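Peer 1: let me see the structure of the following:
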Amino acid sequence: MAQHNELGIAGERLAREYLLKQGYAIGGENIVICGVELDFIAIKDNRIAFVEVKTRSSDFTDPLDAVDHKKQCRLARAADRYIRIYNIPHEPQFDIITVIGDPVNNVAGCRLTHYADAFRPPLMSR
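Peer 2: Predicted structure coming up:
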């Protein structure tokens, strides 16, 4: 497996543990809808969070930059479809979790940041 794939999988594992410790129920992982992968679908109280996880081995580049307008539109479209298919009654939100460090070899040295309700779904034109 490529090193960046291992890094991403380890970052998602760390994010999953974090979400569970924060009281979220994991409703789905790596769900593909409309050709878009939703890293986590997490539920807490009356909210459903569509969580995007970005892992970087160093803080040379900001992982938040990877969730640009185009990515936000794709995530919003997939989340909307998921909500409609499963008739989800919860209020949706879009969260981003960044993991900086080496979650493969040094979990303790990683910095995890949770941006709850990180962005609003962009208005989409048809």
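Peer 1: of all residues in the chain, which one is nearest the centre?
Peer 2: Nearest to the mean C-alpha position of the chain, counting by Cα atoms, centre = their mean, stands residue 52 at 1.6 Å.
Peer 1: I'd like the distance between that one and residue 108.
Peer 2: 24 Å (Cβ to Cβ, to the nearest Å). Using the backbone N, CA and C atoms, a C-beta is placed for each residue, glycine as well.
Peer 1: from what I see, the residue nearest to the centre of the chain and residue 75 are in contact.
Peer 2: Yes - between residue 52 and residue 75 a contact is recorded at 6.3 Å, counting by Cβ atoms under 8 Å.
Peer 1: which residues are in contact with both of those two?
Peer 2: 38, 67, 94 (Cβ atoms under 8 Å, 6 or more residues apart in numbering).
Peer 1: what's the spacing between the second one and residue 106?
Peer 2: For residue 67, the distance to residue 106 under the criterion Cβ to Cβ works out to 25 Å.
Peer 1: what segments of this protein are helices?
Peer 2: Counting by DSSP state H, the chain has helices at residues 3-21, 69-86.
Peer 1: tell me the buried residues in the shortest one?
Peer 2: If you call a residue buried by 16 or more other Cβ atoms under 10 Å, then helix 69-86 has these buried ones: 72-73, 75-80, 82-83.
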